[in-house]
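Participant: here is the input, now give the coordinates:
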Amino acid sequence: MSMPFYVAPEQWMKDKADFARKGIARGRALAALVYDGGILICAENTSATLRKISEIYDRIAFAGAGRYNEYDRLRIAGVRHADLKGYSFSREDVDAQGLANAYAQMLGDVFTHEVKPMEVEILVAEVGESPEQDRLYHILYDGTVVDETGYTVLGGEAETISNRLNTTYQEGLDAASALRAAVSALAGSDRTLAPDELEVALLTRNGARRSFQRLDDTQVGELLGGEVDEPVIEPETGTDPTTSGAETPDPTEDD
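Facilitator: This next block holds a predicted model:
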C-alpha cells in the first residue's frame, strides 16, 4: 500500500499564502480615503462594465482586487447576507462590521479547507453620521480583518502605493483633493491616469438612507481638474446590485 505524500501544515499554509499573494499582485490596485464629506473609493479600471466598486446596502460599499470572478461572487454573497438580515430584523442591524466578519469567515474557511485559496482582497466601507463613525474594513485572502483609519490600499503594489498616499493624505480633504491624492498614488511618477481609466465612487454623508454615488468620466475629470468641489448626483436607481457589472464575468485577473 502506497503512503500518501506528506506536506507539513506550516509549509502548506505558506504555499497557499504565496499563491494568493501572487494572484492579487497581478491585479490593479484601488484606494479608499475618508474625506470631509464621506468616503471616496478610487480604482484603476479600464473596463466599462466590470465593476470593482459596488453598493452593498444602505451607506455600505464593497470593493475588490484580484480575480474578478472570485470577488464578484463575494459581493453577491454580501448583498444576499445584508438583505436577509435587514428583512429579518431591521435595516439598522446591517453594518460594515457584521459584513466584514461574515466575509472573514468565508475567506478563512476557503483558505483553511480548500486546496486553492481565493486570490482576492476586499474592502467593506461604511459612512457614518460623523467622520469618527466612518469604517474601512480591509479583509485579506486568509480571512484576516484589518480595521483601517483614514485610508487603505488593496491590490498590486499596495505597499508602494500606500507609502505614496501617506505623504499626501491628511484629514479634512475635500472630494477633489482626496481624488487627486488617490490618483497620484495609484499612478506614481512615471505615468498618468485618465478619467476613462478610473472607477470612482463616493459614500456621501448626506443624511439620506442611500449614500452610494458612482461618478462618470466627466465628473471625475472635473474633480481632477479642480473645477468643482464635489459633484451633485443622485444615487443609482433601477440597478440590481446582485447583477450589476456581472454580465460578462472574467475568469482571470481583473483588468
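Participant: look up how far residue 200 lies from residue 150.
Facilitator: Look at residue 150 and residue 200: by CB to CB, to the nearest Å, they are 18 Å apart. Any C-beta I mention is one placed from the backbone N, CA and C, and that applies to glycine too.
Participant: list the contacts of the residue nearest to residue 160 when sequence neighbours are not counted.
Facilitator: Closest residue to residue 160 apart from its sequence neighbours, by CB to CB, 6 or more residues apart in numbering: residue 188 at 7.8 Å. Going by CB atoms under 8 Å, 6 or more residues apart in numbering, residue 188 touches 160, 161, 164.
Participant: nearest to residue 93 among those residues?
Facilitator: residue 161 (34.7 Å; CB to CB).
Participant: and stretch 103-110, what's buried?
Facilitator: For stretch 103-110, burial by neighbour count (16 or more other CB atoms under 10 Å) applies to 103, 104, 106, 107, 108, 110.
Participant: the third one and residue 116, how far apart?
Facilitator: As judged by CB to CB, residue 106 and residue 116 stand 14 Å apart.
Participant: what does the second one give?
Facilitator: Distance of residue 104 to residue 116, given as CB to CB: 19 Å.
Participant: any stretches of the protein with poor pLDDT?
Facilitator: 1-4, 226-255 (pLDDT under 70).
Participant: run through the bridge partners of the residue nearest in space to the middle of the chain.
Facilitator: For the chain, residue 63 is the residue whose C-alpha lies nearest the centre (CA atoms, centre = their mean; 2.1 Å). For residue 63, the beta-bridge assignment (DSSP bridges) gives partners residue 53, residue 123.
Participant: relative to residue 70, how far out is it?
Facilitator: Remark: distance between residue 63 and residue 70 (CB to CB) = 14 Å.
Participant: kindly report the same for residue 48.
Facilitator: For residue 48, the distance to residue 70 equals 21 Å [CB to CB].
Participant: just residue 207 next, same as before
Facilitator: Distance, residue 207 to residue 70, using CB to CB: 35 Å.
Participant: neighbour-wise, which of the two wins?
Facilitator: residue 70 (24 against 7; other CB atoms under 10 Å).
Participant: need the helices for the stretch 101-250 of the chain, in chain order.
Facilitator: 158-168, 175-187, 217-225 (DSSP state H, counting those that start in this stretch).
Participant: nearest to residue 36, of these?
Facilitator: Judging the helices of the stretch 101-250 of the chain by CB to CB, what sits closest to residue 36 is helix 175-187, at 7.9 Å.
Participant: list the contacts for residue 123?
Facilitator: Applying CB under 8 Å, 6+ apart to residue 123 gives the contacts 30, 32, 41, 61-64, 136-139, 152, 154.
Participant: if you set the cut-off to 7 Å instead, what comes out?
Facilitator: Residues near residue 123 by CB atoms under 7 Å, 6 or more residues apart in numbering: 32, 63, 136, 137, 138, 152, 154.
Participant: bridged to the fourth one, which residues?
Facilitator: With DSSP bridges applied, the residues forming beta bridges to residue 137 are residue 124, residue 147.
Participant: give me the neighbour count for it.
Facilitator: 21.
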